[in-house]
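A.B. asks: pasted the sequence and its predicted model underneath.
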Amino acid sequence: MVSVGAMKIVIGTRPEAIKLAPVVLALRALHLPVRVCLTGQHPEMATEALAPFGIEADVNLDLMRPGQSLAELTQRAVDALTLRLTCKQPAWVIVQGDTTSALAGAIAARQLGIPVAHVEAGLRSFDLSQPYPEELNRTLIAQLATLHFAPTPGAEANLRAEGVPGKAIEVTGNTVVDALHRTLQTLPAAPRSKRRLVLATLHRRENRETAFPEIISALVEIAARRDVEVLLPRHPGCPPDMYAPLKTAPNVRLVPPMPYPDFVAALAAAHLIITDSGGIQEEASALGIPTLVVRALTERPEVIEAGTAIIVDTAKSGILTAATRLLDDDTAHRSMANASTRIGDGKAAERIARRLYDELHAARRPAA
């Protein structure tokens with residue numbers, strides 16, 4: 001018999017919650033028992049992100065402490081998850097992406113002999129410092145995972161190049177597209193605005209020390225135009241003073257983290273996106289919103305290949321040049337404003353749930 005705790009889903013951050021919510025729903029649709037464990041890496045934001053999907057966590061480990069280092073968080077998460085998994089050992093542990101929580105979940109599970117399913121497997125920047133610690137985390141998780149749910153053929157190719165056998169990989173699409181489509185269906189029609197919306201998000205660790213002033217200075221100059229409004233949700237991991245120049249800039253809305261449905265509404269209404277986020281590159285590509293990636297590289301080459309995003313790095317001059325072109329040249333904007341299915345078709349969670357269902361039932365069948 002499959003154990004009562006057949007599936008344990010480990011979630012640390014808001015993006016993990018958004019991308020794993022469709023998986024929880026798809027597993028439950030197949031009548032598979034699922035337990036959701038929050039590590040507390042994003043203390044309130046992960047819980048709030050699950051709420052629109054009608055999902056409540058079964059347990060919250062509440063692991064965050066003031067001034068806690070990545071090493072300390074990793075150790076505490078491994079210890080706490082090991083205890084939980086020992087008490088109620090599931091048939092599978094499911095982790096997503098590249099966070100410290102995902103790595104800790106994979107380590108704890110494999111040390112206990114529990115198979116690990118990795119959602120959004122195979123993304124690579126091929127530079128352990130960019131993004132940090134995400135690139136390190138996801139390459140380590142690949143060494144621990146039993147099943148690798150790659151969002152794209154490119155991610156599958158990365159895993160195969162690292163020696164992962166093909167039977168352990170399934171190309172599913174990215175579950176963020178599932179979450180995006182589901183959320184869009186619930187939103188009312190957006191009111192029209194006189195100004196075009198430039199949506200910006202900034203939070204990467206490698207950008208905080210040196211690149212933030214350049215990027216934010218570019219946003220201030222963009223906002224000085226009379227025909228745009230810049231919307232920037234603050235990230236809780238960034239010190240408030242990093243955003244200081246935006247507080248007094250005209251045509252800028254600096255807001256707290258937005259509930260996911262509100263953020264999706266802003267995303268869909270945006271004329272241009274400026275971001276160092278990985279997930280937003282995916283969502284913007286699915287919607288066909290031109291995106292400037294303020295990083296030196298991206299582990300999501302599909303958005304570049306689709307033509308919906310370009311890498312502009314972090315220098316003010318490059319950001320301004322690219323943004324001005326897309327704001328002033330309608331032809332240039334239209335050339336990028338094409339929704340792409342390279343990231344996913346909205347059915348990734350169904351594929352993941354079906355494969356896990358098959359794995360569970362194959363394990364129940366007696367050997368021939």
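C.D. replies: Yep, that arrived.

A.B. asks: can you show me the strands along this protein?
C.D. replies: 7-11, 34-38, 59-60, 92-96, 116-119, 147-150, 169-171, 196-201, 228-233, 252-255, 272-275, 291-293, 309-311 (DSSP state E).

A.B. asks: what inclination does the fourth one have with respect to strand 7-11?
C.D. replies: Translated: strand 92-96. When axes from the mean of the first three to the mean of the last three CA atoms, to 10 degrees is applied, the directions of strand 92-96 and strand 7-11 differ by 30 degrees.

A.B. asks: and strand 92-96, what other elements does it pack with?
C.D. replies: Using 3 or more CB pairs under 8 Å, 6 or more residues apart in numbering; DSSP states H and E as the contact test, the elements touching strand 92-96 are strand 7-11, helix 14-29, helix 100-111, strand 116-119, helix 348-364. Yep, even glycine has a C-beta here, placed from its N, CA and C like the rest.

A.B. asks: next, the buried residues of the third one.
C.D. replies: Neighbour counts using 16 or more other CB atoms under 10 Å place 100, 101, 102, 103, 104, 105, 106, 107, 108, 109, 110 of helix 100-111 among the buried residues.

A.B. asks: for that helix, list the C-alpha coordinates in PDB.
C.D. replies: Output in PDB follows, covering the C-alpha atoms of helix 100-111 (Å, rounded to 0.1, in the frame of the first residue of the first chain):
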ATOM      1  CA  THR A 100      18.200  26.900   0.000                       C
ATOM      2  CA  SER A 101      14.900  25.200   1.100                       C
ATOM      3  CA  ALA A 102      14.900  23.100  -2.000                       C
ATOM      4  CA  LEU A 103      18.500  22.000  -1.500                       C
ATOM      5  CA  ALA A 104      17.800  21.200   2.200                       C
ATOM      6  CA  GLY A 105      14.700  19.200   1.300                       C
ATOM      7  CA  ALA A 106      16.700  17.100  -1.200                       C
ATOM      8  CA  ILE A 107      19.600  16.500   1.200                       C
ATOM      9  CA  ALA A 108      17.300  15.400   4.000                       C
ATOM     10  CA  ALA A 109      15.200  13.100   1.800                       C
ATOM     11  CA  ARG A 110      18.100  11.300   0.200                       C
ATOM     12  CA  GLN A 111      19.900  10.800   3.500                       C
END
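
A.B. asks: quick check, pLDDT for residue 362.
C.D. replies: Here, the pLDDT recorded for residue 362 equals 84.

A.B. asks: for it, give me its contacts.
C.D. replies: By CB atoms under 8 Å, 6 or more residues apart in numbering, residue 362 lies in contact with nothing.

A.B. asks: any idea how far the nearest residue in space to residue 307 that is not next to it in sequence is from residue 184?
C.D. replies: Computed as CB to CB, 6 or more residues apart in numbering, the closest residue to residue 307 that is not its neighbour in sequence is residue 336, at 5.7 Å. As judged by CB to CB, to the nearest Å, residue 336 and residue 184 stand 20 Å apart.

A.B. asks: the more surrounded of the two?
C.D. replies: Higher neighbour count among residue 336 and residue 184: residue 336, with 20 against 15, using other CB atoms under 10 Å.

A.B. asks: OK, contacts around that one?
C.D. replies: Per CB under 8 Å, 6+ apart, neighbours of residue 336: 288, 290, 291, 307, 308, 309, 310, 326.

A.B. asks: of these, just the buried ones, ChimeraX syntax please.
C.D. replies: The following ChimeraX line selects those of the contacts of residue 336 that are buried, judged by 16+ other CB under 10 Å:
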select :288,290,291,308,309,326
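
A.B. asks: ok, which pair from the contacts of residue 336 is furthest apart?
C.D. replies: In those, the most distant members under the criterion CB to CB are 288 and 310, with 14.1 Å between them.

A.B. asks: re earlier: would you turn the contacts of residue 336 into CSV with distance to residue 62?
C.D. replies: CSV is the format used below for the contacts of residue 336 (distance: CB to CB, whole Å):
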residue, distance to residue 62
288, 39
290, 40
291, 35
307, 43
308, 38
309, 36
310, 40
326, 43
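
A.B. asks: which stretches of the protein have low pLDDT?
C.D. replies: 1-5, 364-368 (pLDDT under 70).

A.B. asks: in TSV, list the strands of the chain along with distance to residue 319.
C.D. replies: Formatted as TSV, these follow (distance: least, CB to CB, whole Å):
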stretch	distance to residue 319
strand 7-11	33
strand 34-38	35
strand 59-60	38
strand 92-96	30
strand 116-119	32
strand 147-150	31
strand 169-171	34
strand 196-201	10
strand 228-233	12
strand 252-255	15
strand 272-275	7
strand 291-293	6
strand 309-311	11
